[in-house]
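> I need the structure of the sequence given here:
(chains A, B, C and D)
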Protein chains: 2
Amino acid sequence: MAERKTYHHGALRQALIDGAKEILAESGHEQFSLNEVARRAGVSTAAPYRHFTNRDDLLSAVAEEGYQTLAVDLEKATGLVGLGGAYVRFAHEHPGLFVTMFRSRPGGEASAAGEAAFGTLLRAVLAAQESGAIPAYASPELTARSIWATLHGLAVLHLQRPHERYGLGGEPEELATTTLSALLGVKPE
Amino acid sequence: MAERKTYHHGALRQALIDGAKEILAESGHEQFSLNEVARRAGVSTAAPYRHFTNRDDLLSAVAEEGYQTLAVDLEKATGLVGLGGAYVRFAHEHPGLFVTMFRSRPGGEASAAGEAAFGTLLRAVLAAQESGAIPAYASPELTARSIWATLHGLAVLHLQRPHERYGLGGEPEELATTTLSALLGVKPE
DNA sequence: ACCTGAACACCGTTCAAGT
DNA sequence: ACCTGAACACCGTTCAAGT
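Reported below is the predicted structural model:
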């Protein structure tokens, strides 16, 4: 292990990001260590500082890739309920990455991928309101933000309290369906 | 500073909890350090281990007191919307404590105070459904859990993205009102 | 330009020893 | 019974020095 490679034109940068994702997947955000990432890449603990200003900067880069993956997942989903399920499933399948995404860059700019993800949700809300699948108590924007909050809370609570089953089943899709229908009366199409 | 006191019959235990809360309020959960708590209490860094098995055990005790404070806050609130506002306000006023509460004891038992807080929400939902203030798409239990998820997501997102204003204003009560009314059509009574 | 080696202050935790 | 002092492995970060 710790095979010594030579990194050229920024290859180390991506290797560090990939290694960080590995650690997050294996041990979670709490256990993440910058030194450990360096060790896995086979470089000294000082090497990452040529590519990132500090630990948080690396985690921000990881978070950005996480937003891209999330945006792709959401785009593949169909309907408001499918979208909600995909959001909760993402958190469930990548807990370390999910936590990292929403802890990083306090006060930083919104990620482009994050905006795209919201846009996908917004379109689904618009369609659901127009078809009458959900009531239009408020504008699509406000409703979409509110649903995002709901899905986010659901995901976070489910990660931290997996034993308290929100709804009947433990499957992310079932959680999202049950919750959204309890609040909005939306039915799976 | 670091005045050397003598602690008797468990007085150090509470002093450590209080010191931990201070640090959480000043610097947040991320910056929390067990050694720092010991320093503030004027004891050695090994002393806390007579009262807590480790760092997480101390934070769990802190979290439990947080749940008690939250339960009291919620009980003082009136109506579903008032309750939602109180929840979001608690997170807004005690961010470090709030994060600690929902990060601690993974798989541990639910706190009694946490259960009490949920009971308060449940009663408010029941009343709102009976008066017709909100639609009864689902059982009060399921609706209460769903609303909790919404409030939690709102609180978390607002802590991490204070610049993205959910709804028009930044006040916790306004956030909760706007969101709940967007989802449930509930009006402030 | 990119990485190493060694150092710094700090952390959580342990343990023998003091009172 | 409760706390100290000193140690351990580990962390994030810096910086002179190597290639």
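> got the contact list for residue A:93?
Residue A:93 is in contact with no residue at all, counting by Cβ atoms under 8 Å, 6 or more residues apart in numbering or on different chains. (Glycine included, C-beta is placed from N, CA and C.)
> Backbone dihedrals for it, both of them.
Phi and psi for residue A:93, reported as degrees, to the nearest 10, are phi -90, psi -20.
> thought residue A:143 was touching residue B:185?
No. Using Cβ atoms under 8 Å, residue A:143 and residue B:185 do not qualify as a contacting pair, with a distance of 10.8 Å.
> neighbour count winner among the two?
Set side by side, residue A:143 and residue B:185 show unequal neighbour counts under other Cβ atoms under 10 Å in any protein chain shown, the larger going to residue A:143 at 25 against 15.
> Distance of the more buried one relative to residue B:181?
For residue A:143, the distance to residue B:181 under the criterion Cβ to Cβ, to the nearest Å works out to 10 Å.
> Kindly point out which residues are neighbours of both of those two.
With Cβ under 8 Å, 6+ apart, residue A:143 and residue B:181 have common neighbours residue A:137.
> Can you work out which residues contact both of residue A:143 and residue B:185?
residue A:137.
> Tell me the spatial nearest neighbour of the spatially most central residue of chain A, not counting adjacent residues.
Averaging the C-alpha coordinates of chain A gives a centre point, and the residue nearest to it by Cα atoms, centre = their mean is residue A:98 (4.1 Å). Of all residues beyond its chain neighbours, the one nearest residue A:98 is residue A:91 (4.3 Å), with distances taken as Cβ to Cβ, 6 or more residues apart in numbering or on different chains.
> Tell me, how many residues neighbour the one you found?
The criterion is other Cβ under 10 Å. On that basis, residue A:91 has 22 neighbouring residues.
> and if you look at the one 3 residues further on?
Using other Cβ under 10 Å as the criterion, residue A:94 is surrounded by 19 other residues.
> How about residue A:125?
Summarising burial for residue A:125: neighbours were counted as other Cβ under 10 Å, giving 26.
> Now the element after the host helix or strand of it, going C-ward?
Residue A:125 is located in helix A:112-130, with elements delineated by DSSP states H and E. Next helix or strand after helix A:112-130 toward the C-terminus (DSSP H and E): helix A:140-160.
> buried stuff in that following helix?
A:140, A:142-160 (16 or more other Cβ atoms under 10 Å in any protein chain shown).
> Also stretch A:19-39?
Of the residues in stretch A:19-39, those buried under the neighbour-count criterion (16+ other Cβ under 10 Å) are A:19, A:20, A:21, A:23, A:24, A:28, A:29, A:32, A:34, A:36, A:37, A:38.
> cool, and stretch A:75-89?
Of the residues in stretch A:75-89, those buried under the neighbour-count criterion (16+ other Cβ under 10 Å) are A:77, A:80, A:81, A:82, A:83, A:84, A:85, A:86, A:87, A:88, A:89.
> For residue A:174, state which of those residues is nearest.
Sorting the buried residues of stretch A:75-89 by distance to residue A:174 puts residue A:85 at the head of the list, at 7.9 Å, by Cβ to Cβ.
> What residues does the closest one make contact with?
Counting by Cβ under 8 Å, 6+ apart, the residues that residue A:85 touches are A:77, A:172, A:173, A:174, A:175, A:176, A:177.
> make it 7 Å
A:77, A:172, A:173, A:176, A:177 (Cβ atoms under 7 Å, 6 or more residues apart in numbering or on different chains).
> cool, and residue A:40?
Counting by Cβ under 7 Å, 6+ apart, residue A:40 touches residue A:19.
> got the angle for the helix holding residue A:125 vs helix A:140-160?
Between the axis of helix A:112-130 and that of helix A:140-160 there is an angle of 110 degrees, by axes from the mean of the first three to the mean of the last three Cα atoms, to 10 degrees.
> do helix A:112-130 and chain B meet at all?
No. Applying Cβ under 7 Å from any Cβ of the partner chain, one finds helix A:112-130 separated from chain B by no less than 9.6 Å.
> what about that helix, distance to the chain center?
For helix A:112-130, the gap between its own C-alpha mean and the chain's C-alpha mean amounts to 16 Å (Cα atoms, centre = their mean, to the nearest Å).
> Against which helices or strands is that helix packed?
In terms of contact count using 3 or more Cβ pairs under 7 Å, 6 or more residues apart in numbering or on different chains; DSSP states H and E, helix A:112-130 is assigned the packing partners helix A:55-76, helix A:79-93, helix A:140-160.
> Which residues does the longest one contact?
Meaning helix A:55-76. Where contact means Cβ under 7 Å, 6+ apart, the residues beyond helix A:55-76 that reach it are A:16-17, A:20-21, A:34, A:48, A:52, A:83, A:86-87, A:90, A:97, A:100-101, A:104-105, A:111, A:113-114, A:116-117, A:120-121.
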